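Peer 1: I would like to see how this sequence folds:
(2 chains)
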Amino acid sequence: MDISCSIEALLQAAGEGPVWEAVLESSARSAGESREACYERMSQRLRAMEEAEAGYQPGQLSLSGLSGGDGARLEAYAAAGQALTGGFGAEVMAAAVKMAECNACMHRIVAAPTAGACGPIPAVLLPYRRRFGCGRDELVKALFTAAGFGAVIARRASISGAEAGCQAEVGSAAAMAAAALVQLRGGSKEQMAQALALALKSMLGLVCDPVAGLVELPCVKRNAAGAMMALTAADMALAGIVSKIPPDEVIDAMAAVGAALPPSLRETGQGGLAATPTGKRLAKEFYTKVKADQI
Amino acid sequence: MDIFELIGPVMVGPSSSHTAGAARIGAVARRLLSAEPEWAELCLMGSFAATGPGHGTDRALVAGLLGMEPDDLRIPSSFQLARERGLDFHFTTREAVGLHPNTVELRLSGGGRELSLRAQSIGGGRIQVTEINGLELCFSAEKPSIIISNEDRPGTVALVSGLLGSLSINIATFHVNRDSRGGRAIMVIECDSPIPPQVQDQLQALPGVLRAIVI
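Peer 2: This next block holds a predicted model:
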């Protein structure tokens, strides 16, 4: 069965077993590799996420000078214990900003599902392990689940900002992270699907309007928003909230909304925040700098 | 859908479509040329053109042409490396009318060979090559692939598939296209298992096969 054609098919394929199992099985079979080899590949992805997190440099700025240091600021704020988003929430928020800053600074990261949206998934998984305690295996399985749900979004809609806006990148990352969180909390596969729907529907219409065309403003902060959206959606699903619009239809709606977005709001750096007076000024300054640095 | 493209690739930032995807396109172009590129003209379109410099798209494409992987930490310094290795490269831009927003057209030459191709970066680091030397096709380079340019005459397809069958290589997809009857033809074959390097020479030796490249 092709488990990426719909959320319904994915849940059906899982049957009585867990979603991650169906995803691993399907992947191993398509690749003609053993389950162990497939599992090890995902474990390496987790390792790459851990290394990326460990490689964050608080004092580092991106080439443009527009990103850097905010992850450290948030982390310090979270550690002070007065964050409105609470202990876990603030940690997740800081982790997302740190990962997105690593990406902006051209570190090695794991696209999940894209580099611009590489924050939410590790930002919920790694702090989760630290705060609630779980085995490494639990995180690897959660990644399989996230990937399986994400594959449906990629297939039915898009995971590309240029095609469908940031709703397709950070929105998808949030949806994938939400499903993964529900699994870590022991929720049902139906709740995972609901969490995906609840996250994605709340990010519909989110545009891709990068200032100076860089993956920095507002991308870094949107990764924080996506991570928090994942927490919200996971909590709602675990509370028993059900999206009246079924998950597959939410995904299709995201595709339709994406198609309706004009090119100026789909990663061309020509609309939205990129087109603000400050956005344009920052772009001009950056490109002047790029030209000057060219040998 | 390859789940390792949803959680993955492991790559150097900042953009999976504009950096990792671009590096992959460069690498596939290098593979198709089957020689060290000496001259390259790269025409960026749409979003690729608009956000290119900031995403390191240009650096990533050149890095791919030099044989680097998407997670190679030398990507940001590929221009310098290209100059050191004698790759003469030029960038232009164009409107992407009717094409995917992340499209690039490359013209390469090196080792006495020439190549033109069009490819698009479709998100999450995945790519599609949509034209090679003027012939339209569509392959993703995700699976082990074989590209064959051949004379358009009866029996060539059978020889190729027969050879692969005799080596127990299972064909997942097989596309053929040509510019005119009896003219230039191209076969794009995606296989289920890695293809041993010597298969390229075996295919090259078949009657009617002009060039065979294993990717």
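
Peer 1: What ranges does the chain have for its helices?
Peer 2: Going with chain A. Here chain A has its helices, by DSSP state H, at A:7-14, A:19-31, A:35-54, A:70-79, A:86-104, A:120-132, A:136-156, A:161-164, A:170-184, A:189-201, A:219-238, A:247-260, A:277-293.

Peer 1: meant chain B actually
Peer 2: Here chain B has its helices, by DSSP H, at B:21-33, B:46-55, B:57-65, B:78-84, B:156-166, B:198-204.

Peer 1: Of the helices of chain A, which stretch is the most buried?
Peer 2: With neighbours taken as mean count of other CB atoms under 10 Å in any protein chain shown, the helices of chain A reach their highest mean count in helix A:170-184, at a mean of 32. For the C-beta atoms, the positions are set from N, CA and C on the backbone; glycine is no exception.

Peer 1: What helices and strands are in contact with that helix?
Peer 2: Judged by 3 or more CB pairs under 8 Å, 6 or more residues apart in numbering or on different chains; DSSP states H and E, helix A:170-184 is in contact with helix A:19-31, helix A:120-132, helix A:136-156, helix A:189-201, helix A:219-238.

Peer 1: Let's have those in JSON lines, adding distance to chain B and mean pLDDT.
Peer 2: Shown next, in JSON lines, are those (distance: least, CB to the nearest CB, whole Å; pLDDT from 0 to 100):
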{"stretch": "helix A:19-31", "distance to chain B": "5", "mean pLDDT": "95"}
{"stretch": "helix A:120-132", "distance to chain B": "7", "mean pLDDT": "98"}
{"stretch": "helix A:136-156", "distance to chain B": "4", "mean pLDDT": "98"}
{"stretch": "helix A:189-201", "distance to chain B": "13", "mean pLDDT": "98"}
{"stretch": "helix A:219-238", "distance to chain B": "8", "mean pLDDT": "98"}
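
Peer 1: now those as TSV including distance to B:C138?
Peer 2: As requested, the helices and strands packed on helix A:170-184 are arranged in TSV below (distance: least, CB to CB, whole Å):
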stretch	distance to B:C138
helix A:19-31	19
helix A:120-132	30
helix A:136-156	16
helix A:189-201	28
helix A:219-238	30
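
Peer 1: could you give the mean pLDDT of the longest strand anywhere in chain B?
Peer 2: Taking DSSP state E as the criterion, chain B has its longest strand at strand B:113-123. Regarding strand B:113-123, the rounded mean pLDDT is 92.

Peer 1: Could you check the angle it makes with helix A:136-156?
Peer 2: 110 degrees (axes from the mean of the first three to the mean of the last three CA atoms, to 10 degrees).

Peer 1: could you give the angle of strand B:113-123 to helix B:57-65?
Peer 2: Using the same axes, to 10 degrees: strand B:113-123 against helix B:57-65 is 130 degrees.

Peer 1: Partner strands of strand B:113-123, with direction?
Peer 2: strand B:102-110 (antiparallel), strand B:126-132 (antiparallel) (DSSP bridges).

Peer 1: Any idea how far that strand is from the middle of the chain?
Peer 2: Computed by CA atoms, centre = their mean, to the nearest Å, the chain-centroid distance of strand B:113-123 equals 6 Å.

Peer 1: Next: stretch B:153-161.
Peer 2: That offset, for stretch B:153-161, works out to 23 Å (CA atoms, centre = their mean).

Peer 1: So what touches it?
Peer 2: Stretch B:153-161 is touched from outside by B:148, B:150, B:171, B:174, B:176, B:182, B:185, B:187, B:189, B:203, B:206-209, with contacts defined as CB atoms under 8 Å, 6 or more residues apart in numbering or on different chains.

Peer 1: re the thing from before, now, of the helices of chain B, which is deepest in the fold?
Peer 2: helix B:57-65 comes out most buried of those by mean count of other CB under 10 Å, with a mean of 28.

Peer 1: Now do it and helix B:46-55, the angle between them.
Peer 2: 90 degrees.

Peer 1: from the chain's centre, how far out does helix B:57-65 sit?
Peer 2: Distance, centroid of helix B:57-65 to centroid of chain: 13 Å (CA atoms, centre = their mean).

Peer 1: Wondering if it reaches chain A at all.
Peer 2: No. Helix B:57-65 lies apart from chain A when judged by CB under 8 Å from any CB of the partner chain; the minimum separation is 9.6 Å.

Peer 1: and that helix with helix B:21-33, angle?
Peer 2: Going by the same axes, to 10 degrees, helix B:57-65 makes 40 degrees with helix B:21-33.

Peer 1: tell me what helix B:57-65 is packed against?
Peer 2: Judged by 3+ CB pairs under 8 Å, 6+ apart, the packing partners of helix B:57-65 are helix B:21-33, strand B:39-45, helix B:46-55, helix B:78-84, strand B:88-94, strand B:102-110.

Peer 1: Kindly export that helix (C-alpha atoms) in CSV.
Peer 2: What follows is helix B:57-65, C-alpha atoms only, in CSV (Å, rounded to 0.1, in the frame of the first residue of the first chain):
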residue,chain,number,x,y,z
THR,B,57,22.4,28.7,-4.7
ASP,B,58,25.2,29.9,-6.9
ARG,B,59,27.8,28.5,-4.5
ALA,B,60,25.9,25.3,-4.1
LEU,B,61,25.6,24.7,-7.9
VAL,B,62,29.3,25.3,-8.4
ALA,B,63,30.0,23.1,-5.4
GLY,B,64,28.0,20.3,-7.0
LEU,B,65,29.9,20.8,-10.3
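
Peer 1: Now do that helix and strand B:88-94, the angle between them.
Peer 2: 130 degrees.

Peer 1: Point out the other elements, helices or strands, that the lowest-mean-pLDDT helix or strand in chain B touches.
Peer 2: Here the helix or strand of chain B ranked lowest by mean pLDDT, DSSP states H and E is helix B:46-55, holding a mean of 75. The contact analysis (3+ CB pairs under 8 Å, 6+ apart) places helix B:46-55 against helix A:277-293, helix B:57-65, strand B:88-94, strand B:102-110.

Peer 1: Of these, which is nearest A:A255?
Peer 2: Distance to A:A255, taken as CB to CB, is lowest for strand B:102-110 among the helices and strands packed on helix B:46-55, at 17.5 Å.

Peer 1: got a list of contacts for that closest one?
Peer 2: So strand B:102-110 is in contact with A:160, A:162, B:17-18, B:21-22, B:25, B:29-30, B:33, B:35-48, B:61, B:65, B:94, B:96, B:114-122, going by CB under 8 Å, 6+ apart.

Peer 1: Worst mean pLDDT among the strands paired with strand B:113-123?
Peer 2: Among those, strand B:126-132 carries the lowest mean pLDDT, at a mean of 92.

Peer 1: check contacts around B:E36.
Peer 2: B:E36 makes contact with B:R85, B:G110, B:G111 under the criterion CB under 8 Å, 6+ apart.

Peer 1: Ok, B:Q128 next?
Peer 2: Contacts of B:Q128 (CB under 8 Å, 6+ apart): B:H100, B:A119, B:Q120, B:I122, B:C138, B:F139, B:S140.

Peer 1: do B:P101 as well
Peer 2: Here B:P101 is in contact with A:A162, A:E163, A:P263, A:R266, A:E267, A:T268, B:M45, B:G46, B:S47, B:F48 (criterion: CB under 8 Å, 6+ apart).

Peer 1: Kindly reformat those residues as CSV containing distance to A:K201.
Peer 2: Listed next are the contacts of B:P101 as CSV, based on distance: CB to CB, whole Å:
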residue, distance to A:K201
A:A162, 22
A:E163, 19
A:P263, 24
A:R266, 20
A:E267, 22
A:T268, 25
B:M45, 33
B:G46, 28
B:S47, 26
B:F48, 30
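
Peer 1: Alright, calling it a day.
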